[in-house]
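A.B. asks: 3D, please:
(chains A and B)
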Amino acid sequence: MTTPAMPTESPDELLRALIDGRLPDTRGRFGPFGGRYVPETLVPALDRLQAGIEAHLHEPGFQACLGAELRDWAGRPTALTPAPALGRAWGGEVWLKREDLAHTGAHKINNALGQAMLARLIGARRIVAETGAGQHGVASAAACARVGLPCVVYMGSVDIERQAPNVDRMKRLGAEVVPVTSGDKTLRAAIDEALRDWVSDPVNTYYLLGSAVGPHPYPYLVREFQSVIGREARSQILERTGVLPDAIVACVGGGSNSIGLFHEFLADQEVEIIGIEAGGKGTGLGDNSATLSSGRPGVLHGSYSMLLHDRDGQVQETHSISAGLDYPGVGPEHSLLASIGRVSYRTASDDEALEALDECAALEGILPALETAHAFAGARHWTRDNPGGRVLIGLSGRGDKDMPTLSRHPPRGTGT
Amino acid sequence: MNGGDRIEAAIRAARREGRTALVAYITAGYPEKEAFRKDLARVASAADVVEVGVPFTDPMADGLTIQRASHAAIQAGVTLRWILREIESMDPPITAPVVLMSYLNPLLALGYDELAGRSEAAGVAGFIVPDLPLDESAGLDEALADRGLALVQLVSPVTSEERLAAAGKASRGFLYAVTVTGITGGDADRGGDIAGYLQRVVAHSKVPVCAGFGVRTREQVTNIGAHVPGVVVGSALVETLERGEDPVAFLNSLSGRTA
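C.D. replies: Here you go, the predicted model:
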């Protein structure tokens, strides 16, 4: 065996195992992907988290408390909004799952609240988190304030600049924001630094990881907390239209909002599932963050998954106009879904995302996050190829945090 | 003699001389890429085992010194293939066993079989992989063992008795006891009962135990050496090289060995 074993199961068998809840397996694998590639010091902390998940996550008392907090504090269920003007412009029927309406303005709160509540139950004294766009940092700060735990957020210095409004929000919510000036100074370096903090105090500190990446059990745990998006969306669209959508589309960085939307639709074979990665400035090395489109398997941040790295195994610098997608890795469940062909992963460029953002703002009166705008660009593309089709877009977050970036890109057609 | 036996023999030989064995870490090609073979030879002359760091972009178990060294080495074009070629072309070959310390991804990128073959040819004795816990290490361990190369396991103060026993049984060459919960380059004196911890590790290990993470002074070497046969010195040696100071003098000051 030269690399982690390729699965002997067929794609259909792997999909069935995923749908039936048999993946990740006991070794934390989604087929060949996943696992726990961490320093020995973190193994007991991951074991403790795994035990906490088994004891509490699906226990009725915990689920009742979480459900009440999601409803009363986080504002769930979020709306499913028809987008008739976009539908007319694209030649299809468009629905938006409105995670931008969740508390703190993005899907991140579903996971941050769930993990903060779980952390309390397993005896954590302190929370560390990383953030790229700042949305997970804000969500973690808010959730920690709500459950009463101190919170430290690591954020790359490049991201601190381009997502300034969120930095102030985190501080107001009582979190300590630590600028990361090592490595690429973005999300990846922030995760490196949060891991170093956690290694230094694995007993009292809980690492509140914000995406469906990292060592087992994080990809599973984050997906479980984010699956509320897909559960709600599926029942809402059935209630409103009586049928399932022809396609669902979401943006993919690490992949938490997308896996949360996708997972509940995996068994619906008639539903096409499309993930949109950041195509950045182009297909050149370092010009994008399109991990599934142009990466190869490798190990970063504790799991074996698709990765943007060179022939020597050095992780590549990435680019995206959206801080939340600017990451060289992706969650292991996405790598499996790509390898078995259940989800198609495509890209949208910086320019296409900006254009889609302006179009959504002008036609529907909703300013999506730059990350989310990639999904709109992908959905528009899909609709043009499938005229009259019904598409549901995961509107993962709102765009207020992007104003420093957007102010440098005036809306098209204003002439300024 | 296979790699694991060579490492064990080097550590036991130091013990017979009444010394604590020194496992000395340098980042390959840092501070000067061109000086790597010279630095390696000098360090090897004053150490019992040499740990050569393969630089990686995301060294999550390392503190600022080794982060800085890794980044600079990558910028200078240091790769795993280059390191293996350099070690193979050492003339005269160094006698102290060489262990490569690498995060997993550069090893995966080369491929385990090619890695093992090239490493054997270069005379490397073994590997330390800080992000590969015992549970995930079977594939690499097997590929290395086929070529007589050792995979050194790590344990930490929070490792359970059960895992200590498993690591103590699986480790080849030596068992690396991380002295602190934390990253490299910190302070080895920080934290609780080091003596009790090291005694537990020794009790479980079939190979010599070497302890490290933050060892900087002769006093620390003496204190740790009272419990285990070897100590690992890393960041402090890298900083010595950075300052342009003599690594041999520094290592001798730690071990009490005279040149």
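
A.B. asks: outside of stretch A:86-94, which residues touch it?
C.D. replies: By C-beta atoms under 8 Å, 6 or more residues apart in numbering or on different chains, the residues outside stretch A:86-94 that reach it are A:82-84, A:359-360, A:363-364, A:376, A:379-380, A:383-384, A:386-391, A:393. In this view, the C-beta of every residue, glycine as well, is placed from N, C-alpha and C.

A.B. asks: how does it look with 10 Å?
C.D. replies: Outside of stretch A:86-94, the residues within contact range by C-beta atoms under 10 Å, 6 or more residues apart in numbering or on different chains are A:81-85, A:95-96, A:241, A:245-247, A:249, A:356, A:359-360, A:362-364, A:366, A:376, A:379-393.

A.B. asks: tell me how far stretch B:53-65 lies from the chain's centre.
C.D. replies: Distance of stretch B:53-65 from its chain centroid, counting by C-alpha atoms, centre = their mean, to the nearest Å, is 13 Å.

A.B. asks: got the buried residues for it?
C.D. replies: In terms of neighbour count (16 or more other C-beta atoms under 10 Å in any protein chain shown), stretch B:53-65 has its buried residues at B:53-63, B:65.

A.B. asks: now flag whichever of those residues is closest to B:Ala211.
C.D. replies: B:Ala61 (15.5 Å; C-beta to C-beta).

A.B. asks: for chain A, which strand extends over the most residues?
C.D. replies: Using DSSP state E to define each element, chain A has its longest strand at strand A:272-280.

A.B. asks: how about the secondary structure of the spatially most central residue of chain B?
C.D. replies: Per C-alpha atoms, centre = their mean, the C-alpha nearest to the average position across chain B is that of B:Glu51, at 3.8 Å. When classified by DSSP: H, G, I helix; E, B strand; the rest coil, B:Glu51 comes out as strand.

A.B. asks: and it, how far from B:Ser102?
C.D. replies: 10 Å (C-beta to C-beta, to the nearest Å).

A.B. asks: overlap in contacts, these two.
C.D. replies: B:127-128.

A.B. asks: my guess is B:Arg172 contacts B:Pro97, does it?
C.D. replies: No. At 11.6 Å, B:Arg172 does not count as touching B:Pro97 under the criterion of C-beta atoms under 10 Å.

A.B. asks: and the helix or strand containing B:Gly4, how far from the chain's centre?
C.D. replies: Element membership for B:Gly4, per DSSP states H and E: helix B:3-16. Relative to the centre of its chain, helix B:3-16 is centred 14 Å away, using C-alpha atoms, centre = their mean.

A.B. asks: distance check, whatever residue of the stretch 101-250 of chain B ends up closest to chain A against A:Pro332.
C.D. replies: Proximity of the stretch 101-250 of chain B to chain A (C-beta to the nearest C-beta) peaks at B:Ala109, 3.1 Å away. In this view, B:Ala109 and A:Pro332 are 18 Å apart by C-beta to C-beta.

A.B. asks: ok, those two, which is more surrounded?
C.D. replies: Taking neighbours as other C-beta atoms under 10 Å in any protein chain shown, B:Ala109 and A:Pro332 compare with A:Pro332 leading, 32 against 23.

A.B. asks: wait, that one sits on A:Tyr304?
C.D. replies: Yes. With contacts counted by C-beta under 10 Å, A:Pro332 reaches A:Tyr304, the gap being 6.9 Å.

A.B. asks: what residues are shared contacts of the two?
C.D. replies: With C-beta under 10 Å, 6+ apart, A:Pro332 and A:Tyr304 have common neighbours A:28-30, A:32-35, A:297.

A.B. asks: nearest to chain B, of the residues you listed?
C.D. replies: Looking across these and measuring by C-beta to the nearest C-beta, the closest to chain B is A:Gly35, at 5.7 Å.

A.B. asks: in stretch A:195-209, which residues are buried?
C.D. replies: A:195-200, A:202, A:205-209.

A.B. asks: A:Tyr220 is in contact with A:Ile53, correct?
C.D. replies: Yes. Counting by C-beta under 10 Å, A:Ile53 does reach A:Tyr220; the two are 7.8 Å apart.

A.B. asks: more neighbours: the two, which one.
C.D. replies: For A:Ile53 versus A:Tyr220, the count of surrounding residues by other C-beta under 10 Å is larger for A:Tyr220: 22 against 16.

A.B. asks: does that one belong to a helix, a strand or coil?
C.D. replies: Per three-state DSSP, A:Tyr220 ends up helix.

A.B. asks: for it, which non-adjacent residue is spatially closest?
C.D. replies: A:Pro24 (5.3 Å; C-beta to C-beta, 6 or more residues apart in numbering or on different chains).

A.B. asks: identify the residues contacting that neighbour.
C.D. replies: A:Pro24 neighbours (C-beta under 10 Å, 6+ apart): A:17-18, A:30-31, A:33-35, A:216-217, A:219-220, A:223, A:332-333, A:336.

A.B. asks: for it, give its distance to A:Val252.
C.D. replies: 19 Å.

A.B. asks: quick one: low-confidence parts of chain B?
C.D. replies: The model of chain B has pLDDT under 70 over residues B:187-192, B:258-259.

A.B. asks: quick one: the strands in it?
C.D. replies: Counting by DSSP E, the strands of chain B are B:21-27, B:49-53, B:98-101, B:126-128, B:150-152, B:154-155, B:175-178, B:209-212, B:230-233.

A.B. asks: pipe these into JSON lines and attach distance to A:Val180 per row.
C.D. replies: What follows is the strands of chain B, written out as JSON lines (distance: least, C-beta to C-beta, whole Å):
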{"stretch": "strand B:21-27", "distance to A:Val180": "21"}
{"stretch": "strand B:49-53", "distance to A:Val180": "22"}
{"stretch": "strand B:98-101", "distance to A:Val180": "24"}
{"stretch": "strand B:126-128", "distance to A:Val180": "26"}
{"stretch": "strand B:150-152", "distance to A:Val180": "30"}
{"stretch": "strand B:154-155", "distance to A:Val180": "25"}
{"stretch": "strand B:175-178", "distance to A:Val180": "24"}
{"stretch": "strand B:209-212", "distance to A:Val180": "26"}
{"stretch": "strand B:230-233", "distance to A:Val180": "27"}
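
A.B. asks: before we move on, the earlier item: looking at B:Arg172 and B:Pro97, which is more packed in?
C.D. replies: Neighbour totals were compared for B:Arg172 and B:Pro97, and B:Pro97 leads with 28 against 25 (other C-beta under 10 Å).

A.B. asks: tally of neighbours for the nearest residue to the more buried one once chain neighbours are set aside?
C.D. replies: Nearest residue to B:Pro97, sequence neighbours excluded (C-beta to C-beta, 6+ apart): B:Ala125, at 3.8 Å. Using other C-beta under 10 Å, B:Ala125 has 28 neighbouring residues.

A.B. asks: was I right to think B:Ala125 contacts B:Gly173?
C.D. replies: Yes. Counting by C-beta under 10 Å, B:Ala125 touches B:Gly173, with 6.6 Å between them.
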